[in-house]
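Engineer: Build me a structure from this.
(2 chains)
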Amino acid sequence: MKSSDVAKVFQDVADLLELKGENPFKIRAYQKAARSIEHLPVEIEQLVAEKRLGEIPGVGEAITKKIDELVATGRLEYYEKLKAEFPEGLSTLLDIPGVGPKTAVLLSGELGVSSADELEAAITGGKVARLYRIGDKTAENILHQIHAMRREDRRIPIGEALPIVDEILLRLKYLPGVRNLSPAGSLRRFRETVGDIDLMATADNAKDVIRSFTLLPQVKEVRASGTARASVIVAGGLQVDLRIVEHDAFGSLLQYFTGSQQHNILLRERARRKGLSLSEYGITNLDTQEMEKFDDEAAFYHRQDLQFIPPELREGQQEIERAEQGTIPELLEIADIKGDLHVHTNWSDGRDSIEDMALAARDRGYQYLAITDHSRGRGIAHGLDADRLEQQIAEIENLNQRISGIRILSGIEVDIRADGILDLPPELLIKLDVVVASVHSAMNQPQEKMTRRILRAIENPLVDVVAHPTCRLLPGREPVSVDMEVILQAAAKNKTALEISAMPSRLDLKDIHIYRARELGVKLVINTDAHSKRHLEFMRFGVGISRRGWCEAHDIMNTRPLDEFLSSLEAW
DNA sequence: GCCGTTTTCGGCCCGACTGTTTTCAGTCG
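Structural biologist: Numbering: from 1, shown residues only, chains lettered A, B, ... in the order given. Next up is the predicted model:
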């Protein structure tokens, strides 16, 4: 049973206890445990096996027992009994924004409603607005939320959101009177998908800035616009909120709106134990009731005797303890990257020539670039057979004579066939500097078969890098069924590197796998899988997601300067 | 149910908004 499944059970338990009107702190305990488990950097089965459940924040004796039961048997007696106390589906009403436990129980008790559809019918029939403490407005709001829920999930990949936000920030930055300006929320934490975008600023003339914001060319629709806040819809249906705040509290406000919620809760609990109360407006000393304000976010952390915690780490894992000890890692920066080891050219399905790609890489300050076109099995991508690969190797040798300032490495992205055999023979692969292997076909294999297939590539001494092991696409394609723990351990053992795909639709490995890989000492590389010069810019997404995996520069092979990288390649 | 520089009991993050009330309950992030 996966962490996410276990987390789901405890979240459900919390919902059911809410319906029951249980002790709110008991409910919070289950919610807290669920959130911790959901964001766990390792699979929970791993922790069960190592008897380390107690290390999870918010997991004590009782929940440990319940996790053991869940993982061992796949079900939880306590949960089954709770479920039986309520009409089937009642807790799904809690998914509707605006419907909490009190309302859900009321709806079920008075009207026998236990699903969104039934609720919709009851509202349209005018039954809901007559209930105690519910009026026309509340009923209408709930109906509106039900309709909103039926539309698609509005979270979009960060790769789509960030360029839009960059453009907006660029425009806002140069408006007269704007002083501070920053994104907040999950975008700033660099989550792989984001919901609404939160922007925060301080300005001398809030009203004018808000007005200019609503008049930006990107804006398709203005949802709300006041004196200090506006909410607009831009291309792709993305909602962007701009909030103008008091200058002297910008630090604590930015901290608060960056989240995550779990991080903030843990921070506040800790502060309370030290006699401080945190809010978005500042830090209050509980003895004197005096509040201190912070215009700077780092100062807000320092006041609590904590190191500054980079937004990417604020997920309520170990970051607060580490900041206490002063051992927050110095996270990887985009400038640390010295090369890209996975790009395509017009020899297969890329757009630009080898030379153009190399020059573009040099312009980015890279010292090396590996050309890794597809192998012959990718017929549709015009994959290279033995003859054309030989020609390409010769071409690269030529170019290396002609072009200075960048070293072009020969390579291939060779298909891992359904049986785990590579798509090109060893006598050819051995001639190449970099062999990247990846799965592009037969993605619906059962977990055991897929895992063995990828293991076979990892164990192949000619393979340097295994790319996008889960083959997921954002949004849309679910990851293939593969035992990541087995893959990661094998990669560590065989000294085969795993690729962190910077391509925004992949981001594969994802953050928790990167974290675990680092823990196991797996060699990691960040590659763009660029199919044109422009795609080299994707590197920022790979760096962002690696920062969420707590990576420092030395964790990533392609941060090494050319000479060091080449000698490490020999020993690979 | 969890947890500890107020430690095995007695607390538990904090503020805002909305709508329904007549002083505040419910919900959210």
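
Engineer: contacts and neighbour counts: CA atoms only from here.
Structural biologist: Fine.

Engineer: which residues touch the helix or strand in which A:Glu485 is found?
Structural biologist: Assigned by DSSP states H and E, A:Glu485 falls within helix A:484-494. Here helix A:484-494 makes contact (CA atoms under 8 Å, 6 or more residues apart in numbering) with A:451, A:454-455, A:458-459, A:497-498, A:513, A:516-517, A:520-523.

Engineer: Now intersect these with the helices, please.
Structural biologist: Residues of the contacts of helix A:484-494 located in helices (DSSP state H): A:Thr451, A:Ile454, A:Leu455, A:Ile458, A:Glu459, A:His513, A:Arg516, A:Ala517, A:Leu520.

Engineer: Give me the buried subset of those.
Structural biologist: If you count burial by 16 or more other CA atoms under 10 Å, the buried members of the ones in helices among the contacts of helix A:484-494 come out as A:Thr451, A:Ile454, A:Leu455, A:Ile458, A:His513, A:Arg516, A:Ala517, A:Leu520.

Engineer: Now the first one. Nearest residue, chain neighbours left out?
Structural biologist: Spatial nearest neighbour of A:Thr451, chain neighbours left out: A:Val482 (5.1 Å); criterion: CA to CA, 6 or more residues apart in numbering.

Engineer: The one you found and A:Thr470, how far apart?
Structural biologist: Look at A:Val482 and A:Thr470: by CA to CA, to the nearest Å, they are 7 Å apart.

Engineer: Those two - which one has more neighbours?
Structural biologist: Neighbour count, other CA atoms under 10 Å: between A:Val482 and A:Thr470, A:Thr470 has more, with 23 against 20.

Engineer: My read is that that one contacts A:Leu498, right?
Structural biologist: No. The criterion here is CA atoms under 8 Å, and A:Thr470 misses it with A:Leu498 at 11.4 Å.

Engineer: what about the residue in the stretch 401-550 of chain A that DNA strand B sits nearest to, how many residues close to it?
Structural biologist: The stretch 401-550 of chain A approaches DNA strand B most closely through A:Arg548 (20.4 Å), counting by CA to the nearest atom of the strand. A:Arg548 is flanked by 25 other residues according to other CA under 10 Å.

Engineer: Can you report phi and psi for it?
Structural biologist: Recorded main-chain torsions at A:Arg548 are phi -60, psi -20, according to degrees, to the nearest 10.

Engineer: How about the one 4 residues further on?
Structural biologist: As for A:Glu552, its main-chain torsions (degrees, to the nearest 10) stand at phi -100, psi 170.

Engineer: and stretch A:397-410, how far out from the chain's middle?
Structural biologist: How far stretch A:397-410 lies from its chain's middle: 36 Å, per CA atoms, centre = their mean, to the nearest Å.

Engineer: Tell me which residues are up against it.
Structural biologist: So stretch A:397-410 is contacted by A:355, A:358-359, A:361-362, A:366-372, A:393, A:396, A:432-434 (CA under 8 Å, 6+ apart).

Engineer: quick one: which of those residues sit in strands?
Structural biologist: Using DSSP state E, the members of those that fall in strands are A:Tyr368, A:Leu369, A:Ala370, A:Ile371, A:Thr372, A:Val434.

Engineer: residues near the fifth one, how many?
Structural biologist: I take that to be A:Thr372. By other CA under 10 Å, the residues close to A:Thr372 number 26.

Engineer: Is the closest residue to it other than its chain neighbours in a helix, a strand, or coil?
Structural biologist: In space, and not counting its chain neighbours, A:Thr372 is closest to A:Ile412: 3.8 Å by CA to CA, 6+ apart. Assigned with DSSP: H, G, I helix; E, B strand; the rest coil, A:Ile412 falls in the strand class.

Engineer: follow-up on the earlier one: tell me who's in contact with the residue of the stretch 401-550 of chain A closest to DNA strand B.
Structural biologist: A:Arg548 makes contact with A:Arg189, A:Phe190, A:Glu312, A:Leu313, A:Asp511, A:Tyr515 under the criterion CA under 8 Å, 6+ apart.

Engineer: for A:Pro183, same thing?
Structural biologist: Contact analysis of A:Pro183 by CA under 8 Å, 6+ apart lists A:Ile197, A:Asp198, A:Leu199, A:Met200.

Engineer: What of A:Pro504?
Structural biologist: Contacts of A:Pro504 by CA under 8 Å, 6+ apart are A:Pro157, A:Ile158, A:Gly159, A:Glu160, A:Leu474, A:Phe538, A:Phe541, A:Gly542.

Engineer: Look at A:Asp295 and tell me its secondary structure.
Structural biologist: coil.

Engineer: Please pick the buried ones from the contacts of A:Arg548.
Structural biologist: Buried, going by 16+ other CA under 10 Å: A:Arg189, A:Phe190, A:Glu312, A:Leu313, A:Asp511, A:Tyr515, out of these.
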